[in-house]
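**Student:** Sharing a model prediction with you, sequence too.
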Amino acid sequence: MVGAGRVVVALLVFVLGAGVGEGAATAEALAPDPFGTWTGTWEAAPSGTAPAQPGASLRNVVHLSVGGSATRVRLTNRLGTAPLRLDAVTVALREAGPDAVPGSMRVATFAGAPTVTIPAGQDLVSDLVPLAVPDRADLLVTVHTPDDSGPATYHRAAGQTNYRAPQGSRAADVDGSAYTTITTSWYYVTGVDVLDAPAAGSVVTLGDSLTDGNGSTRDANHRWPDRLAERLGALPPYSRLGVLNAGISGNRLLRDGVGPSALSRLDADALSRSGVRVLIVLEGINDIKGTPNATDPGAFESAYRTLVTSAHAHGIRVIGATLTPYGGAGGFTAAREAVRQKINVFIRGGGPFDGVVDFDAAVRDPEQPDRIRPVYDCGDHLHFNDAGMRALADTVDLSGLTALS
């Protein structure tokens with residue numbers, strides 16, 4: 001338990017809607033933390049809701065990018081319709097499956113209390129959790145919901161096996177044998193921060209299913225942001241960055257769909273996260289190929305400028321990523337391909353961005369440039385296999401990225 005002299009006195013809550021509401025606060029808006037500097041090390045952006053989980057304990061497996069001397073967790077009821085009551089939240093290092101490393105189990109508290117109720121539409125950050133974690137560790141974040149709190153905010157396409165104990169508060173269990181069912185979604189947890197990480201801050205990757213990791217091997221952490229974290233982890237601490245994956249499968253740049261649009265979720269999923277120095281934006285392909293589809297390149301240009309202006313107002317630099325090919329996939333037409341090409345010309349030209357990463361050039365088939373190279377194609381002609389994810393990550397110029405931090 002955190003001692004009385006080490007309780008974080010500020011309860012970090014921000015309300016979504018038109019923006020940060022009156023009386024709300026972000027980590028950066030509060031007085032400096034007395035314990036040191038917080039850095040974002042993992043993220044899952046809320047993408048929708050699932051049925052309530054009354055009586056269940058949900059054990060989320062999250063793969064960190066950078067480590068630190070202590071942790072804190074970000075919980076969410078952002079898309080819920082009723083107050084979310086949690087009577088137990090724990091954090092532990094993962095041994096295997098749902099089992100915790102013995103001796104690592106910690107209770108997360110909120111303004112010193114082990115229970116918390118999160119109002120509908122809000123996110124919450126825990127007090128400091130006295131658990132040191134190494135780089136690229138697997139962490140178990142477990143919550144118990146004692147009753148029906150309405151629709152559960154979750155990240156549907158986790159690409160990770162997570163665990164559910166159907167009845168009883170099993171949040172403090174080190175032995176995971178009570179977790180008899182699995183889920184491939186993350187429930188109620190939206191982020192992890194670490195204290196005094198050996199890093200210069202964090203980078204947020206804002207995107208859709210290509211960033212979320214669709215097509216890569218489940219449980220392997222082969223999404224391109226994970227691969228980017230591996231590359232950054234080899235740098236000296238003053239150049240290293242934590243990596244926060246704010247990808248949502250099916251997400252759009254211009255309009256709400258699967259999850260709020262990139263424009264409307266920018267503050268909650270990127271700008272208000274801890275220690276953010278750089279934002280990489282790969283958004284727009286679902287606007288082009290979706291229904292209704294967006295056909296005006298000018299609308300994309302305006303949206304990108306809005307994103308960059310908002311990020312700059314928070315001291316965050318922005319790297320624009322070109323939109324990758326999807327010839328052969330559903331929704332592809334020559335007219336829509338022409339829109340993608342015009343958008344990529346704008347991105348490559350720099351536009352409002354502080355830097356550019358040309359994902360399109362890295363993965364397109366030289367013989368059919370409207371298609372992904374077969375060696376990178378997971379099979380649906382839109383998403384990438386593990387080799388394709390590595391190619392994307394390897395395209396990011398680390399010297400340019402860390403210089404922007």
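**Tutor:** All right, it came through fine.

**Student:** Can you list the low-confidence ranges for the stretch 301-405 of the chain?
**Tutor:** 403-405 (pLDDT under 70).

**Student:** Flag the helix or strand of the chain with the lowest per-element mean pLDDT.
**Tutor:** When the helices and strands of the chain are scored by mean pLDDT, DSSP states H and E, strand 12-15 comes last with a mean of 31.

**Student:** and after that one, which helix or strand comes next?
**Tutor:** Later in the chain than strand 12-15, the nearest helix or strand by DSSP states H and E is strand 38-43.

**Student:** got the buried residues for that following strand?
**Tutor:** Trp38, Thr39, Gly40, Thr41, Trp42, Glu43 (16 or more other CB atoms under 10 Å). All C-beta atoms are positioned from the backbone trio N, CA, C, and that covers glycine.

**Student:** Would you mind listing the residues in contact with the third one?
**Tutor:** Spelled out, that is Gly40. The contact partners of Gly40, taken as CB atoms under 8 Å, 6 or more residues apart in numbering, are Gly191, Val192, Asp193, Ser202, Val204, Gly242, Leu244, Arg273, Ser274, Gly275, Val276.

**Student:** one step back: distance to Gly121 and pLDDT added to the buried residues of strand 38-43, as TSV?
**Tutor:** Shown next, in TSV, are those (distance: CB to CB, whole Å; pLDDT from 0 to 100):
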residue	distance to Gly121	pLDDT
Trp38	24	98
Thr39	26	98
Gly40	22	98
Thr41	25	98
Trp42	23	98
Glu43	19	98
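
**Student:** Output the residues you listed in JSON lines, with distance to Arg231 appended to each entry.
**Tutor:** Formatted as JSON lines, the buried residues of strand 38-43 follow (distance: CB to CB, whole Å):
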{"residue": "Trp38", "distance to Arg231": "23"}
{"residue": "Thr39", "distance to Arg231": "17"}
{"residue": "Gly40", "distance to Arg231": "17"}
{"residue": "Thr41", "distance to Arg231": "16"}
{"residue": "Trp42", "distance to Arg231": "17"}
{"residue": "Glu43", "distance to Arg231": "18"}
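
**Student:** Which one of those residues is nearest to Ala50?
**Tutor:** Comparing these against Ala50 with CB to CB places Glu43 closest, at 18.8 Å.

**Student:** Quick check: which element contains the residue nearest to that closest one when sequence neighbours are not counted?
**Tutor:** Distance criterion CB to CB, 6 or more residues apart in numbering; nearest residue to Glu43, sequence neighbours excluded, is Leu244 at 3.9 Å. Element membership for Leu244, per DSSP H and E: strand 242-247.

**Student:** now what about that strand, what contacts it?
**Tutor:** Residues contacting strand 242-247 (CB under 8 Å, 6+ apart): 39-45, 65-66, 191, 194, 197, 199, 201-213, 223, 225-226, 228-229, 232, 265, 269-270, 273, 275-276.

**Student:** Please apply the same query to stretch 130-138.
**Tutor:** 2, 6, 41, 61-71, 91-94, 104, 106, 139, 194, 198, 229-230, 233.

**Student:** Can you flag which of the residues you listed belong to strands?
**Tutor:** Thr41, Val61, Val62, His63, Thr71, Val91, Ala92, Leu93, Arg94, Arg106, Leu139, Val194 (DSSP state E).

**Student:** how much space is there between the last one and Arg305?
**Tutor:** From Val194 across to Arg305, the span is 33 Å (CB to CB, to the nearest Å).

**Student:** more crowded one of these two?
**Tutor:** Val194 (33 against 13; other CB atoms under 10 Å).

**Student:** count of neighbours near the residue nearest to that one when sequence neighbours are not counted?
**Tutor:** Spatial nearest neighbour of Val194, chain neighbours left out: Gly68 (2.8 Å); criterion: CB to CB, 6+ apart. When counting by other CB under 10 Å, one arrives at 26 neighbours for Gly68.

**Student:** for the closest residue to Pro166 other than its chain neighbours, what are its contacts?
**Tutor:** Computed as CB to CB, 6+ apart, the closest residue to Pro166 that is not its neighbour in sequence is Ala56, at 5.7 Å. Applying CB under 8 Å, 6+ apart to Ala56 gives the contacts His144, Thr145, Arg164, Ala165, Pro166, Gln167.

**Student:** now, which of those sits nearest Asn77?
**Tutor:** Thr145 (10.6 Å).

**Student:** which residue sits closest to Gly284 in space, ignoring its chain neighbours?
**Tutor:** Leu253 (4.7 Å).

**Student:** May I have the secondary structure class of that neighbour?
**Tutor:** coil (DSSP: H, G, I helix; E, B strand; the rest coil).

**Student:** What of Ser216?
**Tutor:** Taking three-state DSSP, the label given to Ser216 is coil.

**Student:** That one against Ala391, yeah?
**Tutor:** No. If you go by CB atoms under 8 Å, Ser216 and Ala391 don't touch, sitting 11.9 Å apart.

**Student:** So for the strand holding Leu244, mean pLDDT?
**Tutor:** Strand 242-247 carries an average pLDDT of 98.

**Student:** cool, stretch 79-93 as well?
**Tutor:** The model assigns stretch 79-93 a mean pLDDT of 97.

**Student:** Dump it to CSV, keeping only the CA atoms.
**Tutor:** Only the C-alpha atoms of stretch 79-93 are listed here, as CSV (Å, rounded to 0.1, in the frame of the first residue of the first chain):
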residue,chain,number,x,y,z
LEU,A,79,-18.4,5.6,-23.5
GLY,A,80,-20.5,4.3,-20.6
THR,A,81,-24.0,5.5,-19.8
ALA,A,82,-24.1,4.9,-16.0
PRO,A,83,-21.5,5.3,-13.1
LEU,A,84,-18.9,2.5,-13.2
ARG,A,85,-18.3,1.0,-9.7
LEU,A,86,-15.0,-0.8,-9.3
ASP,A,87,-14.4,-2.4,-5.9
ALA,A,88,-10.9,-3.7,-6.7
VAL,A,89,-8.2,-2.7,-9.1
THR,A,90,-4.8,-4.4,-9.0
VAL,A,91,-1.5,-4.2,-11.0
ALA,A,92,1.1,-7.0,-11.2
LEU,A,93,3.9,-8.2,-13.4
